[in-house]
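fold the stuff below for me.
(chains A, B and C)
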Amino acid sequence: MSAQASQGPAKRKKVAFLDREATSVTEAFLQRLLVGIHTFLSNGLAVAGLTIILLLIAVAAFAPWMATHDPNLQNLSMALKPPSSANWFGTDEYGRDIFSRIVYGSRVTLYIVTLVTITVGPIGLIVGTVSGYFGGMVDMIVMRITDLFLAFPGLILTLTFVAILGPGLEQAVLAIALTGWPAIARLARAETMTIRSSDYIAAARLQGASSLRIIFGSIIPVCLSSVIVRLTLGMASVILTAAGLGFLGLGAQPPTPEWGAMTSAGREYMLDSWWLVTAPGVAIMVVSLAFNLFGDGLRDVLDPKSK
Amino acid sequence: MSSTPRASDAAAVQAPLIEARDLRVAFQMQRGVFQAIRGVSFSLGREKLAIVGESGSGKSTVGRAIMRLNPPSAIVTAERLTFKDVDLLSASKKELRRLRGRHISMIMQDPKYSLNPVATVGEQIAEAYRTHHKVSSREARERALTMLEAVQIRSPKRVYDLYPHQVSGGMGQRIMIAMMLISDPEVLIADEPTSALDVTVRLQILAILDDMVKERGLGMIFISHDLNLVRSFCDRVIIMYAGRIVETVAAADLDNVQHPYSRGLLNSLPRLDQKRDRLPVIQRDDSWLEAV
Amino acid sequence: MTAISVKNLSIVFGEEDNETKVLDAVSFDVEKGEVFGLVGESGSGKSTVLRCIAGLYTHWTGEIRIDGQPVGAQLTKERCRKIQMVFQDPYGSLHPKHTVQTTLAAPLRIHGIGDIDRRITEVLRDVGLAPHLRFRYPHQLSGGQRQRVAIARALILRPSILLLDEPTSALDVSVQAEVLNVLSDIRDREGLTYLLVSHDLAVIGHMCRRLAVMQQGLIEEVVDYADLSGGRAQQAYSRMLFDASHHYDRSMANDITAARQAGGGTIHGA
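Residues are numbered from 1 along each chain as shown, chains lettered A, B, ... in the order given. You can find the predicted model right below:
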C-alpha cells in the first residue's frame, strides 16, 4: 500500500496540487485519490487497521529474519515451555517455537486472503454486472445458481467442497472462493440494475457504445467501490473460515504453521499450557479485526452515501 | 384561538406573527464556517409572504431557522427571532415541540419523503391532531375526515385508508396540507410546495392554500423560485441573494423592482407573452454581497 | 424538408394483464431547422416520444422517419451520428467517475473519429465552458456547467437533430437563461433541428414556433405558439394549460376542479 509510504512528501505538496486545476485525466484522478487518502487518514480506527495489515505484510515478507527459530524444528526436550526470553510465546507439544510459527503463519494467512480475493472479486463482479445488465434469461439462470450457493450456510458448503476436493491449503482456498463469489455477484447485480436505468447509461447507448463497452467502461467502475469494500470486509471471514478449516484438519496440513491448525492442536493442552491456543487465537482476532476496520474506513471514502 | 392580551384588539391583530431581526445562520464545515444567512430581517403578519431566490440564496434555510429545524452543525443567531411573544432562540426543546405543528407548521416540496410509508394517510392526520389535543381516537378520525374534505378530496373515507404510495403527487400534497393545518396553526411555512406538481394540479393546491389562509387568518411564508407564481399568488415578496435580502416589494409592484439582481432575475425569465431572441443573463456584481 | 416524421407511434408498457398504453397513435412532423415543442403534464408521454425517436425504446409500433428515411427499432451507429439527446437531470446524466474529457472523448473513440483534442476544445467553446474545466469530475461542476457538458456530449458527433428532454427544468432561472441562449446560438450557427420537451410553456414559447400539446399519450393538437398565446387554440385543454401556466387565478382553479370531476381525470372537447 503506497498510502503510508507516500504520505510524507505528498502531504507537503498536496495543498498546492489539490488546489490547482487538473491539466490531464491522470492528474484529475490523482487529485481524487489524494482527497480519498486524506479522508481515510482522518479516520483513526481505519488507520489502525491499515497499520496492522501493513505490519502483517512486513512480517510475512521478512519472516526468515524475524523468526527466532526454525518454525518446523522439533525439540521434544523443549516441549510445552511457557513464554520466556528464549521462546517469546513459549513452545508447543513438539518443542517448536510458537512465535516463529506465528510469524511464518502470516504467510499462509496472506496467501489464502490474496488468492481468495483475486478469484472471487473479478468473477463475482463480471457475473453480477453481465447478469444485471442483460436481465431476462441470462439473469434468471445466473441468479438461480447463486441462490443455490446462498441457500447453504457458508461454512457447511465450504466443508462439502473440501470433502470433495480433499484436505489441503489449495483445496481450502478453492472451496472458500467457490462459496464466496455468489455474494459478490449479487451485490454487483443489484448495483448494476440501478445504474442500468440511469441517464448516463442511456447517453452512452445513444453514442453507439456496445454492451461490452458499457459494462466495462461505465458500470464496473461504479460497482467497483462497493465490491472492494465488501471484499475487504469479507477478508475477515475468509481468515476465520480458513482458520476454521485448519482447526478441523481440513485446511493446511501439518507441519505447515497455519494459525487455525495451531489453535486446534493446542486445544488438548489448553488447561496446562494456555499459550498454545492464545497466541494463534489472538493473531487471528487481531488480523480479522484489522481487515474489518480497514474495510469500514474504505467504505467511508469510496461509498460516502452509505454512511 | 385566543391571541395574547394586548392594549387593544386591533394592535394584537396588527402585531407580527413572526419577527426576525438580523437573523444569521452559519454552518460549521470541515474547513471553517460557512455563512448561509447573513443578517436577514423581516416580519410576517396575517398575509402571504413570498421568499424567492435561486439555489444557494438561503431561502429554505430561513424557513428551517424559524422552525428551529436546522441540523446540529448550524449556528443560529439573531437580534430577535420571535413567534408572537415567544423567543424562538431561547425556547426549550419542549416548548419548540409544542410550537411546531400546533402553532407553526411546515409543508415540504415532496410529500413522499414527509409521510410515513407504513401508516395510512388518515391515521397520520389523526395522529397529528392527537399529538396536540387530548381527544378520543374516534373524534380525531372525525376531524381528519373533515380536514380531508376541506382540502377538496372527494371521497375522504376511501382516501383515509390509503397508504402514501397509493396516492398521486397532488393528492399527497393535499394530505400534507390537511395534516399540517388540522391543529389550526397560526403560521404556515411552505417550502416549494408545488414545484414537483403539474400546472393544473399546482393551481388547485394553491387555491386550497389560499382559502385556508383567508378563512383561518393564517400567516404564510411561501418559499419559491418561481417569480411568475408569487407575483399572482402572494401579497409581499422578499428577494434573497447569497444569504441576504436584496429587496422587499409588494407582489403587485414586482415589475418595478429596483435592485439590479431582482431586475436581472425577472428579465432572465422567458415570457409567455413576448418573444425575445436572447434572454438577458445576469451579470453578477460583488457589491451585491454587501449590505443593501 | 421534413427532419422528423412520426406516424401512429404507439407503445405499451407492462405485462400482459397489466398493460398501459403510454403512447397512442402519436403523429407529427418537424421541419428541418425548426424548434418543435412538446408540452404536457407528467404522464402525458412526451419524454417517451423522445426516447422512441432516439432509439432507447425498441418495442414501439408505427413509423418514424428521419430525413425521409424510415428508422428501425434498433439503435445503429449511423442513427447515433444523426440524433442525439440531452437529458433533464444534469446530475444523473453524467457518469460520476468520468471527467469532462473522458465523457466527451468516448463517443469520438466509439466512432473512430480522430482529432479528439481539437474537437473537444471546439465543442467546449461552443457551449461556453471554460477550457480549465476540462479535467473536472461532475461533482466539481455546478448544475449549469454540467448541463453544458451534457449538451457538448450531444453535439460532439455533430448530429443534425437534438432531442431536448426538459433541458433546463432542474436549473435556476438565471442559469436557465444561459443554457437556452447557448442552445439558440448553436442552432443559429449549425442549423440544427430541435425537438424540445418541457412542462414550462414559457420556455417552449421562447424557443419554438410550433408545438404539440399532449395529454395521456395522445396529441391533443399541433398548434402555432402565437395562436396558443392569443387564445386561439382549438382544444380547451391547451387553452387551460396556457392559462394555468400564466398566473395563479382562483376561479381558474375552480374550473379545473370542476372539469376534472366531470371528465374523470382528462379534459376533453372545446
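
where's residue C:2 relative to chain B, distance?
Distance of residue C:2 to chain B, given as C-beta to the nearest C-beta, to the nearest Å: 24 Å. C-beta here means a position set from N, CA and C on the backbone, and glycine is covered the same way.

for that residue, give its distance to residue A:241.
Computed with C-beta to C-beta, to the nearest Å, the distance linking residue C:2 and residue A:241 is 66 Å.

of all of the stretch 151-270 of chain C, which residue lies closest to chain A?
residue C:153 (6.6 Å; C-beta to the nearest C-beta).

likewise chain B?
residue B:30 (9.1 Å).

residue C:2 and residue A:241: who's more crowded?
A count of neighbours by other C-beta atoms under 10 Å in any protein chain shown puts residue A:241 above the other of residue C:2 and residue A:241, at 24 against 14.

which one is residue 222 nearest to, not counting chain neighbours?
The chain I'm using is chain A. Nearest residue to residue A:222 in three dimensions, chain neighbours excluded: residue A:195, at 5.5 Å (C-beta to C-beta, 6 or more residues apart in numbering or on different chains).

I was thinking of chain C, sorry if that wasn't clear
The shortest distance from residue C:222 to any residue other than its chain neighbours is 4.7 Å, reached at residue C:212 (C-beta to C-beta, 6+ apart).

helix, strand or coil for the one you found?
Assigned by DSSP: H, G, I helix; E, B strand; the rest coil, the conformation of residue C:212 is strand.

dump the residue contacts of it.
If you count contacts by C-beta atoms under 8 Å, 6 or more residues apart in numbering or on different chains, residue C:212 has them with C:28, C:36-39, C:219-223.

quick one: pLDDT of it?
We have a pLDDT of 96 for residue C:212.

do the same with residue C:258
77.

run through the residues of the stretch 51-200 of chain A sitting next to chain C.
A:198-200 (C-beta under 8 Å from any C-beta of the partner chain).

mind listing what's buried in stretch C:119-126?
With burial defined by 16 or more other C-beta atoms under 10 Å in any protein chain shown, the residues of stretch C:119-126 counted as buried are C:119-120, C:123-124, C:126.

please read the previous query as pertaining to stretch C:150-162.
Those buried within stretch C:150-162 under the rule 16+ other C-beta under 10 Å are C:150-157, C:159-162.

also stretch C:216-230?
Under 16+ other C-beta under 10 Å, the buried positions of stretch C:216-230 are C:216-223, C:225, C:228-229.

so what's the residue count around residue A:211?
Residue A:211: 12 neighbours (other C-beta under 10 Å).

that one contacts residue A:134, correct?
Yes - counting by C-beta atoms under 8 Å, residue A:134 is a contact partner of residue A:211 at 7.4 Å.

return every residue with contacts to both of those two.
What both residue A:211 and residue A:134 touch, as defined by C-beta under 8 Å, 6+ apart, is an empty set.

which residues of the stretch 101-250 of chain C lie near chain A?
Counting by C-beta under 8 Å from any C-beta, the stretch 101-250 of chain C sits next to chain A at C:101-102, C:106-107, C:110-111, C:132-133, C:135-137, C:150, C:153, C:157.

show me what the longest helix along chain C is packed up against.
Scanning chain C for the longest helix, with DSSP state H as the assignment, gives helix C:173-190. With contacts taken as 3 or more C-beta pairs under 8 Å, 6 or more residues apart in numbering or on different chains; DSSP states H and E, helix C:173-190 sits against helix B:260-267, helix C:116-126, helix C:143-155, helix C:201-207.

chain neighbours aside, what residue packs nearest to residue 67?
The chain I'm using is chain A. Nearest non-adjacent residue to residue A:67 (C-beta to C-beta, 6+ apart): residue A:100, at 3.8 Å.

I was thinking of chain C, sorry if that wasn't clear
In space, residue C:67 is closest to residue C:3, 6.2 Å off (C-beta to C-beta, 6+ apart).

what's the answer for residue A:103, then?
With sequence-adjacent residues excluded and distances taken as C-beta to C-beta, 6+ apart, residue A:103 is closest to residue A:67, at 4.7 Å.

quick one: residues contacting that neighbour.
A:97, A:99-100, A:103-104.

who in chain A is up against chain B?
Counting by C-beta under 8 Å from any C-beta, chain A has no residue next to chain B.

any figure for the gap between the residue nearest the centre of chain A and residue B:28?
Centroid-nearest residue in chain A: residue A:235, 3.1 Å away (criterion: C-alpha atoms, centre = their mean). Residue A:235 is 36 Å from residue B:28, where distance means C-beta to C-beta.

okay, and for the chain, where does confidence drop off?
No chain specified, so I'll use chain A. Chain A contains residues with pLDDT under 70 at A:1-16, A:304-307.

not quite, I wanted chain C
Counting by pLDDT under 70, chain C has low-confidence residues at C:260-270.

hmm, try it at 80
Across chain C, the ranges flagged by pLDDT under 80 are C:15-18, C:246-247, C:250, C:256-270.

ranges for the strands of it?
C:2-13, C:20-31, C:35-40, C:61-66, C:69-70, C:83-86, C:161-165, C:193-198, C:210-215, C:218-224 (DSSP state E).

find the closest residue to chain C in the stretch 1-150 of chain A.
Counting by C-beta to the nearest C-beta, the stretch 1-150 of chain A gets nearest chain C through residue A:22, at 3.8 Å.

ok so residue A:137 is a helix residue?
Yes - applying three-state DSSP, one finds residue A:137 inside a helix.

contacting residues around residue 207?
Chain wasn't specified; assuming chain A. Going by C-beta under 8 Å, 6+ apart, residue A:207 touches C:80, C:106-107, C:110-111, C:153, C:157.

that's the wrong chain, I wanted chain B
By C-beta under 8 Å, 6+ apart, the contact list for residue B:207 reads C:250, C:253-254, C:257.

got it, and residue B:108?
Per C-beta under 8 Å, 6+ apart, neighbours of residue B:108: B:114, B:176, B:191-193.

again, but for residue B:66
Residue B:66 neighbours (C-beta under 8 Å, 6+ apart): B:18, B:20, B:81, B:83, B:88, B:104, B:187, B:189, B:221.

tabulate the residues you listed (CSV), appending pLDDT and distance to residue C:45.
As requested, the contacts of residue B:66 are exported to CSV (pLDDT from 0 to 100; distance: C-beta to C-beta, whole Å):
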residue, pLDDT, distance to residue C:45
B:18, 93, 44
B:20, 94, 46
B:81, 93, 48
B:83, 91, 47
B:88, 90, 47
B:104, 92, 41
B:187, 93, 41
B:189, 94, 36
B:221, 95, 37
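
what does the stretch 151-270 of chain C have sitting close to chain B?
Neighbours of chain B within the stretch 151-270 of chain C, by C-beta under 8 Å from any C-beta: C:172-178, C:180-181, C:184, C:199-203, C:205-206, C:229, C:240-242, C:244-250, C:252-254, C:256-257, C:260-261.

list only buried entries from those residues.
Using 16+ other C-beta under 10 Å as the burial test, these include C:172-178, C:180-181, C:184, C:199-203, C:205-206, C:229, C:240-242, C:244-246, C:248-249, C:252-253, C:256-257, C:260 as buried.

leaving out chain neighbours, which residue sits closest to residue 120?
Looking at chain A here, since you left the chain open. Per C-beta to C-beta, 6+ apart, closest to residue A:120 is residue A:180, 4.2 Å.

you looked at the wrong chain, it should be chain C
For residue C:120, the closest residue by C-beta to C-beta, 6+ apart turns out to be residue C:104, at 4.9 Å.

next, count neighbours for that neighbour.
Using other C-beta under 10 Å, residue C:104 has 22 other residues around it.

quick check, it in contact with residue C:121.
No - Residue C:104 is beyond contact range of residue C:121, at 10.0 Å (criterion: C-beta under 8 Å).

related to what we said a few turns ago, identify the residues contacting the residue nearest to residue C:67.
Shown in contact with residue C:3 (C-beta under 8 Å, 6+ apart): C:30-34, C:66-67, C:160-161, C:193.

go again with 7 Å.
The contact partners of residue C:3, by C-beta atoms under 7 Å, 6 or more residues apart in numbering or on different chains, come to C:30-32, C:67, C:161, C:193.

can you put the residues you listed in CSV and add distance to residue A:163?
Output for those, formatted as CSV (distance: C-beta to C-beta, whole Å):
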residue, distance to residue A:163
C:30, 69
C:31, 74
C:32, 72
C:67, 67
C:161, 64
C:193, 68
